[in-house]
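Dropping a prediction and its sequence here:
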Number of protein chains: 2
Amino acid sequence: MRFHSRTSSAGVVEQPFTLGEVPGMLWTPEGAHGTRPLILMGHGGGQHKKAPGIVARARHFAVEGGFAVAAIDVPHHGERSTDPEFDRLAAEYGARVAAGEDTASLDTALYKLVVAQTVADWQAVLTAVQRLDHVGGGPVGYWGMSLGCALGIPFVAAEPRVRAAVLGLQGSAVLTEAAGQINVPVQFLVQWDDELMPRAQSMALYDALGATEKTLHANPGRHGDLPRFERDDSLRFFARHLC
Amino acid sequence: MRFHSRTSSAGVVEQPFTLGEVPGMLWTPEGAHGTRPLILMGHGGGQHKKAPGIVARARHFAVEGGFAVAAIDVPHHGERSTDPEFDRLAAEYGARVAAGEDTASLDTALYKLVVAQTVADWQAVLTAVQRLDHVGGGPVGYWGMSLGCALGIPFVAAEPRVRAAVLGLQGSAVLTEAAGQINVPVQFLVQWDDELMPRAQSMALYDALGATEKTLHANPGRHGDLPRFERDDSLRFFARHLC
């Protein structure tokens, strides 16, 4: 694990890193010493580890909750190299969204192209980050919306170190089986007027979650309109289960 | 408004009262002076102002939030006199629930029998309680599940002094019009496996709420199984909107 820089502002230390081929970002509270809970954040489709919605939440989790937070570029995103097959599918996905057409079959194709690699990447990053003195081997949470949920569900299902997850903006049927294998508490976010995920599919994916404790939060608005108070609620959910 | 007693325990003062024919209960933090936010709590069907779920939440709101809290017996409940028509409908309702039969038409009949009186009772109690020195004319919230939601929706829609509401466990179509007239923030609770309220009806009632800010929280479990963490969430919701 190589760190490229270390900058500190407004109470948070930011450290970009590379682990093998995986570019990532680590946020910790200024002056952090010893073991603390860790939140892994999965970005959305077309986004990356430093997307504004990731950075704002990561800094909030670090400052208000004392958490360590890590994000990575998932395959074919951010600083990672892409490939023609992924680019073709992503372009078709964008065209179908723009035309208001169904994207379910493309969701599945895109997912299958990256899911195995992403799970392996997250497991390697989790191991490496928890070796750091200011992170340590504390409880782990996962936060991911949309693509970050699609790739997060198989990761959370496969990884026993993850003890709680905030997921949502997702309802692809390809995730049903992995969702059934999740047995840690989940907070699942739905946008009532989501133009990308039909409401009934999102409800079905929540229904499929194997967790005994799972809460669905639905709010009015489109895919990108998560209300700000859900950020505070995510922090409280993680604090309740990881601290 | 006549108070019958005043007892104090574990940080909360309890004062049973009568206003006209309406028996009620007022909870305030020990040592409370001056104006504070007020929460009105509507009990469920067959319950009353001192049902365990009402008392536990009222004390929690008073101790943890510094709120004043009032509950009343709604018509035909608790210490209030009943009448043969109500008793007949209530008995039939119980029999249909026991037989697993649909209760929608009875919901409507029971609702129509009590709604106008209940709204008038709440408005009178609100006015009287806010005249007390240790309550005053602060912001007002309403909390009510099941019957407490059915009777709360027309009250909240009609009463501009109410600024936020926690509602739920309800999906009767008779409420659709009044729900559309609510324009204050609402937190709406759904039990995913509710044996009394079909899930789709609950979702439709949430959908009908006219509020711009409305959050649906769904959790696994039956009608009576609201998870304890929703009590804390209700307190935070009221604190965010009333304090």
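On my side now, so go ahead. Just so you know, these numbers come straight off a predicted model, no measurement behind them.

Would you mind listing what in chain A touches chain B?
Taking C-beta under 8 Å from any C-beta of the partner chain as the measure of proximity, chain A contacts chain B at A:192, A:206-207, A:212-220, A:227, A:229, A:233, A:236, A:240. In short, each C-beta sits where N, CA and C put it, glycine included.

So which residues of chain A form helices?
Ranges of helices in chain A, per DSSP state H, are A:52-65, A:84-98, A:104-129, A:147-158, A:176-180, A:199-208, A:229-242.

which helices and strands sit right next to the first one?
Contact partners of helix A:52-65 among helices and strands, from 3 or more C-beta pairs under 8 Å, 6 or more residues apart in numbering or on different chains; DSSP states H and E: strand A:12-19, strand A:22-29, strand A:38-42, strand A:68-72, helix A:229-242.

pLDDT averaged over the first one - what is it?
Per-residue confidence for strand A:12-19 averages out to 98 on the pLDDT scale.

swap in the third one?
The average of the pLDDT scores along strand A:38-42 is 98.

Residues contacting that strand, please?
A:54, A:57-58, A:61, A:67-71, A:74, A:122, A:125-126, A:129-130, A:135, A:138-145, A:147-149, A:151-152, A:155, A:162, A:238, A:242 (C-beta atoms under 8 Å, 6 or more residues apart in numbering or on different chains).

Buried residues, it. List them.
Applying a neighbour-count criterion of 16 or more other C-beta atoms under 10 Å in any protein chain shown, one finds A:38-42 buried in strand A:38-42.

ok, it: who's next to it in the sheet?
strand A:68-72 (parallel), strand A:140-145 (parallel) (DSSP bridges).

now that strand against strand A:22-29, angle please.
Between strand A:38-42 and strand A:22-29, the angle comes out at 140 degrees (axes from the mean of the first three to the mean of the last three C-alpha atoms, to 10 degrees).

Relative to A:His76, how far out is A:Asp83?
A:Asp83 is 7 Å from A:His76, where distance means C-beta to C-beta, to the nearest Å.

quick one, which of those two is more surrounded?
Ranked by neighbour count (other C-beta atoms under 10 Å in any protein chain shown), A:Asp83 and A:His76 place A:His76 first, with 19 against 10.

my guess is that one meets A:Arg88, correct?
No - judged on C-beta atoms under 8 Å, A:His76 makes no contact with A:Arg88 at a distance of 11.3 Å.

Just the buried residues of the residues of chain A next to chain B.
A:192, A:206-207, A:213-220, A:227, A:229, A:233, A:236.

circling back to that earlier point, closest to B:Pro16 out of the helices and strands packed on helix A:52-65?
helix A:229-242 (34.9 Å; C-beta to C-beta).

List the buried residues in that closest one.
Residues of helix A:229-242 classed as buried by neighbour count (16+ other C-beta under 10 Å): A:229-231, A:233-239, A:241-242.

can I get these in TSV with pLDDT and distance to A:Gly31?
Output for the buried residues of helix A:229-242, formatted as TSV (pLDDT from 0 to 100; distance: C-beta to C-beta, whole Å):
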residue	pLDDT	distance to A:Gly31
A:Phe229	95	29
A:Glu230	97	29
A:Arg231	96	24
A:Asp233	96	27
A:Ser234	98	24
A:Leu235	98	20
A:Arg236	97	23
A:Phe237	98	25
A:Phe238	98	21
A:Ala239	97	20
A:His241	98	25
A:Leu242	98	20
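
Give me the pLDDT for A:Glu101.
86.

That one: neighbouring residues, count only.
Neighbour count for A:Glu101, taken as other C-beta under 10 Å: 10.

For it, give me phi and psi.
phi -90, psi 160 (degrees, to the nearest 10).

Against chain B, how distant is it?
Distance, A:Glu101 to chain B, using C-beta to the nearest C-beta, to the nearest Å: 25 Å.

same question, A:Val184
For A:Val184, the distance to chain B equals 14 Å [C-beta to the nearest C-beta].

How about A:Met41?
Applying C-beta to the nearest C-beta, the value for A:Met41 to chain B is 22 Å.

Check the nearest residue to that residue once chain neighbours are set aside and give its pLDDT.
Counting by C-beta to C-beta, 6 or more residues apart in numbering or on different chains, the nearest residue to A:Met41 once its immediate chain neighbours are dropped is A:Ala71, at 4.5 Å. At A:Ala71, the model reports a pLDDT of 98.

quick one: low-confidence parts of chain A?
For chain A, no stretch has pLDDT under 70.

again, 90 this time
A:45-46, A:81-83, A:90, A:93-94, A:97-98, A:100-112, A:196 (pLDDT under 90).

Just name the most buried of the helices of chain A.
Stretch with highest mean neighbour count among those: helix A:147-158 (a mean of 26; mean count of other C-beta atoms under 10 Å in any protein chain shown).

Which elements pack onto that helix?
Short answer (3+ C-beta pairs under 8 Å, 6+ apart): helix A:147-158 packs on strand A:38-42, helix A:104-129, strand A:140-145, strand A:162-168, helix A:176-180.

B:Glu101: which of the ones you listed is closest?
Proximity to B:Glu101 (C-beta to C-beta) singles out helix A:176-180 among the helices and strands packed on helix A:147-158, at 32.1 Å.

what comes into contact with that closest one?
Taking C-beta under 8 Å, 6+ apart as the rule, helix A:176-180 contacts A:153-154, A:157, A:204-205, A:208-210.

what does stretch A:11-26 rub up against?
A:1-8, A:27-30, A:32, A:49-50, A:58-59, A:62-63, A:68-73, A:78-80, A:121, A:124-125, A:128-129, A:132, A:135.

and what of stretch A:151-164?
Under C-beta under 8 Å, 6+ apart, the answer for stretch A:151-164 is A:40, A:42, A:74, A:111, A:114-115, A:118-119, A:122-123, A:126, A:139-144, A:165, A:167, A:170, A:175, A:178-179, A:181-182, A:184-186, A:237-238, A:241-242.

Now the phi/psi pair for the residue in chain A sticking out farthest from the centre, please.
Going by C-alpha atoms, centre = their mean, the residue of chain A most distant from its centre is A:Ala99, 27.1 Å out. Main-chain dihedrals, A:Ala99, degrees, to the nearest 10: phi -90, psi 0.
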